[in-house]
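**Student:** Provided below are the primary sequence and the corresponding predicted coordinates.
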Amino acid sequence: MPENRGEVAVVDASALIAVRRLLPQADQRRVFEALALRARQRRLVFPPEIKIELDRYAGDREADPVLRWVGEVEDVAMEPVGLDVVKRVLGQVGDVVDPAKQVEDADPFVLALALAIREDGNAVVVVTEERKDRPDKMSMNTACGLLRIPCLTMRAAVREQGIVLPWP
């Protein structure tokens, strides 16, 4: 029988980057501490492709709060997903992949992990900042809608954890 974890958040790279981009350092620490707690409870996860995507744009790993956080929680928060589930996602929302990118995008893996968690009987939500559709690429928000997966911004996900910040 699948493990019942309550609601599980599957976090996208865009949501993690938004914490660094939009909040002062003191607030970043509060947010990443709250996210780490949820990760240790196995209620916040990400596929390995998120780490790969973030590593591509890595600067100083120790100075970057996103990379530091990923490194701190990867042993409890990183969950691989089967390629069969990724293929099903791409069959339904294949245009979530950016055709302009030369490298593999983590988006279908985030969606596939969310789908697999839901199929295991857990409530799931995707946390992403990606909201804008383009003619050649569907946003994560739209893809979540088509897959009937709830989707929140990082601001809403943090607020749901009881942390209310002046978020720009």
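**Tutor:** Looks like it arrived, so ask away.
**Student:** from here on, just use CA atoms for contacts and neighbour counts.
**Tutor:** OK.
**Student:** now stretch 76-92: buried residues?
**Tutor:** 76, 77, 78, 79, 81, 85, 86, 89, 90 (16 or more other C-alpha atoms under 10 Å).
**Student:** tell me the secondary structure at residue 76.
**Tutor:** Following DSSP: H, G, I helix; E, B strand; the rest coil, we place residue 76 in the helix state.
**Student:** and the most centrally placed residue in the chain, how close does it get to residue 47?
**Tutor:** A centroid search over the chain (C-alpha atoms, centre = their mean) returns residue 11, at 1.7 Å, as the residue closest to the centre. Per C-alpha to C-alpha, to the nearest Å, residue 11 is found 9 Å from residue 47.
**Student:** now residue 40
**Tutor:** Remark: distance between residue 40 and residue 47 (C-alpha to C-alpha) = 15 Å.
**Student:** which one of those two has more residues nearby?
**Tutor:** Set residue 40 next to residue 47 and count neighbours by other C-alpha atoms under 10 Å: residue 47 wins out with 25 against 15.
**Student:** I figured that one hits residue 82, correct?
**Tutor:** No. Applying C-alpha atoms under 8 Å as the test, residue 47 and residue 82 come out as separate, 10.4 Å apart.
**Student:** quick one, what contacts the closest residue to residue 138 other than its chain neighbours?
**Tutor:** Nearest non-adjacent residue to residue 138, counting by C-alpha to C-alpha, 6 or more residues apart in numbering: residue 96, 4.6 Å away. For residue 96, the contact set (C-alpha atoms under 8 Å, 6 or more residues apart in numbering) comprises 90, 107, 108, 137, 138, 139, 140, 143.
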